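K.L.:
Could you look at this predicted model? Sequence included:
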Amino acid sequence: MTVTTDPAPPPPPSAGAGDGSLAEFGYRQELRRRMGRYASFAAGFSFISVLTTVFQFFALGYSFGGPVFFWTWPAVLVGQLLVAACFAELAARLPIAGAIYQWASRLGSPAFGWYAGWIMVVGRVVVVAAAALALQVVLPAIWSGFQVIGGDPSPTTTSGAANAALLGLILLALTTLLNVLDNRALSAVNTVGVTAEIVGVALIVTLLATHAERDPGITLHTGGEGGLIAALLVGSFTAAYVLIGFESASEMSEETVNPRRTAPRTTLSALTTSGLCGGLLLLGGLLAAPSLTDGRLASEGLSYVLTSTLGDGLGKVLLADVALAVCAATLAIQTSATRMLYSMARDGVLPRSARLAKVPRRTGMPGTAAVVVGVCAGLLLLLNLGSPQAFLAIGTTCIAMVYLAYAMVTGPMLMRRLKGQWPPADGDDRDELGKPLFSLGRWGLPVNVLAVGYGLFMTVNLSWPRAGVYDPEGGHWYFQWFTVLFVGITVATGAAYRWYRSRRDAAPTPKAPDSQAPAGPVLDEAVRI
């Protein structure tokens with residue numbers, strides 16, 4: 001792949017192994033390349049964080065689908081594996097930070113890629129906020145003192161929603177600080193968090209299996225608020241929310257040693273491992289729950305299963321591990337969002353790009369971008385102070401935006417395949433170790449077709465304005481249409497900025513000195529594969 005632009009200066013000799021891959025795309029090595037394979041895996045696994053998201057959204061899936069919602073998990077996992085396989089091919093050939101933006105720009109057009117990146121940046125900011133809210137599902141169940149505001153800890157109550165915002169703001173302050181420091185601290189926290197989460201999942205699944213009250217046949221029963229179709233469509237929200245972010249390993253490519261070889265494998269292994277762990281958690285919770293009909297499983301979720309089945313002592317120890325996973329997940333998601341923002345700003349296509357793309361030599365981290373992500377996510381948390389319904393609205397909105405951005409990569413990739421332009425025949429077909437790049441081979445076209453179809457279907461499913469889901473109490477039309485409105489406002493805001501930018505650039509201005517030119521290629525110029 002070649003970008004028609006002036007060549008960038010060669011990377012500094014001390015940047016690390018594999019940096020030539022950045023120079024060929026016209027970028028300087030500014031982030032510090034220190035991450036090994038496990039740290040790369042941790043980036044994707046921490047973003048998915050089955051302990052965080054399964055505990056956060058189990059109650060939602062069960063309340064609408066009953067036990068049969070379990071089967072939405074393998075269905076969504078297969079769909080996401082199709083998408084991840086396409087992304088693995090891209091990660092091998094385009095190991096650049098800001099993966100979704102960079103891939104969509106080169107597969108489609110610079111303008112199309114800009115919208116994909118913009119939607120993903122905003123979507124990931126919303127994901128950060130949603131992940132931080134998950135502390136409310138765990139901490140008050142460990143100790144009542146964590147319920148600072150009011151007495152009811154349920155996230156769907158006024159006091160629970162307000163307390164969730166408070167705990168989330170504290171967590172965001174800590175994760176933002178880590179995202180400003182050296183990436184060794186970031187990798188260390190992620191690695192510890194992932195290891196603790198894997199151990200925690202194994203222990204929880206084992207203990208739940210030994211306390212099973214019923215057999216797996218219960219998963220064939222609906223028992224939710226609607227029929228089978230509603231159970232599967234709305235119940236799939238749980239799996240859809242959990243199984244995203246696997247491409248974070250690709251987002252960290254500029255900080256990974258041997259990224260062409262490492263990122264494709266860790267992208268797939270993070271999703272596969274998470275899928276297995278999450279499925280076992282769902283099944284274990286359904287089999288070990290003291291009751292499937294008392295309403296607590298639909299309101300309190302897996303926290304209720306742990307404390308009721310395993311006792312307060314052991315149950316709370318395991319919930320503490322879940323809380324650690326929530327913190328690691330919020331950190332990983334904010335890091336991924338920061339890299340996307342940095343990648344776009346480096347190309348000079350965002351407001352205050354020079355400031356957002358600044359990477360101090362002392363830290364090797366895009367600190368300003370991290371602060372912007374943290375502040376914006378914090379502002380979204382304030383919505384939770386006004387209404388507990390914002391919890392669900394924020395969660396489903398972020399999923400829909402991520403799925404839409406994914407489709408904006410797999411769609412143009414499919415068009416390239418149909419034209420015989422993928423994989424690029426004139427590109428490098430070897431990784432840093434001289435071995436063939438990851439490739440789907442003859443399976444590429446059918447996998448890509450299914451990935452596009454699945455992605456578009458799930459985007460519509462997640463965005464559909466169901467009153468029973470988004471506005472069960474009635475009278476809040478803006479919550480029912482929250483996802484559609486938020487996505488529309490995001491696209492409209494992006495279009496307004498691009499119109500303003502085009503008008504400003506069309507006006508005659510003095511030529512800037514060479515020292516003020518962006519380090520990377522200007523993606524508004526032609527891109528050729």
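P.N.:
Great, that's in hand.

K.L.:
For the residue lying closest to F25 once chain neighbours are set aside, grab the count of nearby residues.
P.N.:
Leaving aside its sequence neighbours, F25 sits nearest to I96 (C-beta to C-beta, 6 or more residues apart in numbering; 5.9 Å). C-beta coordinates here come from the backbone N, C-alpha and C atoms, glycine included. Neighbour count of I96, defined by other C-beta atoms under 10 Å: 25.

K.L.:
for I96, helix, strand, or coil?
P.N.:
Three-state call for I96 (DSSP: H, G, I helix; E, B strand; the rest coil): coil.

K.L.:
starting at the chain centroid, how far to stretch 80-97?
P.N.:
A distance of 15 Å separates the centroid of the chain from that of stretch 80-97, by C-alpha atoms, centre = their mean, to the nearest Å.

K.L.:
Revised request: answer the last question for stretch 104-112.
P.N.:
Offset of stretch 104-112 from its chain centre (C-alpha atoms, centre = their mean): 21 Å.

K.L.:
hey, C-alpha coordinates of it in CSV?
P.N.:
Output in CSV follows, covering the C-alpha atoms of stretch 104-112 (Å, rounded to 0.1, in the frame of the first residue of the first chain):
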residue,chain,number,x,y,z
ALA,A,104,-11.2,2.7,6.4
SER,A,105,-9.2,5.6,4.9
ARG,A,106,-7.1,3.3,2.9
LEU,A,107,-9.7,0.8,1.9
GLY,A,108,-12.4,3.4,1.1
SER,A,109,-11.5,7.1,0.8
PRO,A,110,-10.0,9.7,3.2
ALA,A,111,-13.4,11.3,3.8
PHE,A,112,-15.0,7.9,4.5
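
K.L.:
List of residues touching stretch 215-235?
P.N.:
With contacts defined as C-beta atoms under 8 Å, 6 or more residues apart in numbering, stretch 215-235 is touched by 60-72, 75, 283, 286-287, 292-293, 461, 466, 468-469.

K.L.:
just to revisit the earlier point, per-residue confidence for the residue nearest to F25?
P.N.:
At I96, the model reports a pLDDT of 94.

K.L.:
what's the answer for A188, then?
P.N.:
Looking at A188, the pLDDT reads 86.

K.L.:
Now whichever strand or helix holds it: buried residues?
P.N.:
A188 belongs to helix 183-210 when assigned by DSSP states H and E. By 16 or more other C-beta atoms under 10 Å, the buried positions in helix 183-210 come out as 183, 186-187, 189-191, 193-194, 196-198, 200-201, 204-205, 207-208.

K.L.:
need the contact list for the closest residue to N179 other than its chain neighbours.
P.N.:
Spatial nearest neighbour of N179, chain neighbours left out: A370 (3.6 Å); criterion: C-beta to C-beta, 6+ apart. Counting by C-beta under 8 Å, 6+ apart, A370 touches 176, 179-180, 334-335, 338.

K.L.:
Make a markdown table out of those residues and add secondary structure and pLDDT.
P.N.:
Converted to a markdown table, those look like this (DSSP: H, G, I helix; E, B strand; the rest coil; pLDDT from 0 to 100):
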| residue | secondary structure | pLDDT |
| --- | --- | --- |
| T176 | helix | 95 |
| N179 | helix | 92 |
| V180 | helix | 91 |
| Q334 | helix | 95 |
| T335 | helix | 93 |
| T338 | helix | 96 |
